[in-house]
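Colleague: Need coordinates for the below:
(one chain, ligands or ions: 1)
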Amino acid sequence: MTDTQYSQPHSFTLGSDDVTFRGSTGSYTKRLSDMAGVYGEPDAFEQLVAERGEQVAYVVEEFRRSEDGGDLIFGLSSLNPGRIGREFAVTRGHRHVLSDRTEIYYGISGSGVLLMEDPNGKIEALDLVAGSVAYVPPHWIHRSVNTGDMPLVSLFCYPADSGQDYAVIERHGGMAKLVVIDGEGGWMLEQNPRYRRTT
Ligand code: ZN
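Modeller: Purely as a prediction, here's the structure:
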């Protein structure tokens with residue numbers, strides 16, 4: 001009789017300056033030129049892409065053993081700082097395909113917010129800074145926003161069967177609110193003029 005083969009455990013090593021992830025199964029990189037349609041000021045975006053479209057917007061490194069319902073996907077997201085017009089740098093953002101699936105973010109370094117929107121268009125922006133933990137409830141669209149001047153690095157973890165629906169944000173013309181400079185060195189929420197909620 002042969003023993004059943006079980007998956008191997010994995011671990012992260014988290015440091016304040018240097019984050020290593022032993023055993024990641026994959027990664028992807030989004031460049032500024034990949035972010036067309038995301039920002040509220042197209043002219044500012046076009047100019048930035050013309051100047052440095054190949055610059056890295058964010059990198060995700062993850063451990064994804066399977067997409068089974070009982071499994072977890074976890075990893076690190078590193079979102080570079082920057083502004084596109086008055087708007088702070090964001091990740092593309094998504095809702096889960098199985099939209100009742102939840103997620104946890106843990107801030108490792110940098111400073112920003114986790115911007116979330118429920119199906120009624122209600123917005124919440126929670127601090128995502130070193131040491132903070134943010135919970136994304138079922139059905140909420142979510143994206144990270146870097147409001148600081150260094151990379152915003154966070155750990156994320158969600159059920160492996162969640163899937164990621166990016167099209168919902170495009171259908172709506174973005175999220176209901178933008179995170180923009182407040183003129184006093186901080187950030188504030190502003191209504192997104194392109195936003196139109198659909199079902
Ligand atoms: Zn998610």
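Colleague: okay, CA-based contacts and neighbour counts for the rest of this
Modeller: Fine.
Colleague: residue ranges with poor pLDDT in this protein?
Modeller: Segments of the chain classed as low confidence (criterion: pLDDT under 70) are 14-20, 199.
Colleague: The residue lying closest to residue 153 once chain neighbours are set aside - how many residues pack around it?
Modeller: Spatial nearest neighbour of residue 153, chain neighbours left out: residue 78 (4.4 Å); criterion: C-alpha to C-alpha, 6 or more residues apart in numbering. Burial measure for residue 78: 25 neighbouring residues, criterion other C-alpha atoms under 10 Å.
Colleague: distance between the helix or strand hosting residue 78 and the chain's centre?
Modeller: For residue 78, the element it lies in under DSSP states H and E is strand 72-79. Relative to its parent chain, strand 72-79 has a centroid offset of 9 Å by C-alpha atoms, centre = their mean, to the nearest Å.
Colleague: After it, which helix or strand is next?
Modeller: Scanning forward in sequence from strand 72-79 by DSSP H and E, the next helix or strand is strand 83-84.
Colleague: Point out the other helices and strands that that next one packs with.
Modeller: When contacts are defined as 3 or more C-alpha pairs under 8 Å, 6 or more residues apart in numbering; DSSP states H and E, strand 83-84 packs onto helix 42-52.
Colleague: what packs against the helix or strand following the helix it packs on?
Modeller: Next in sequence after helix 42-52, counting helices and strands by DSSP H and E, comes strand 56-64. Identification of packing neighbours for strand 56-64 by 3+ C-alpha pairs under 8 Å, 6+ apart yields strand 26-31, strand 72-79.
Colleague: Next, the angle strand 56-64 makes with the strand holding residue 78.
Modeller: In terms of direction (axes from the mean of the first three to the mean of the last three C-alpha atoms, to 10 degrees), strand 72-79 departs from strand 56-64 by 160 degrees.
Colleague: Provide the strand pairings for strand 72-79, with the direction of each partner.
Modeller: Using DSSP bridges, strand 72-79 pairs in its sheet with strand 56-64 (antiparallel), strand 152-159 (antiparallel).
Colleague: So which of those is the most surrounded?
Modeller: Each of the strands paired with strand 72-79 was scored by mean neighbour count; the highest is strand 152-159, a mean of 22, by mean count of other C-alpha atoms under 10 Å.
Colleague: Mind checking the helices and strands packed on strand 56-64 for the one nearest to residue 7?
Modeller: With C-alpha to C-alpha as the measure, strand 72-79 is the member of the helices and strands packed on strand 56-64 nearest residue 7 (12.7 Å).
Colleague: Compute the inter-axis angle for the closest one and strand 26-31.
Modeller: Calculated by the same axes, to 10 degrees, strand 72-79 forms an angle of 30 degrees with strand 26-31.
Colleague: Show me the contact partners of strand 72-79.
Modeller: The contact list for strand 72-79 (C-alpha atoms under 8 Å, 6 or more residues apart in numbering) reads 24, 57-65, 89-91, 144-146, 151-160.
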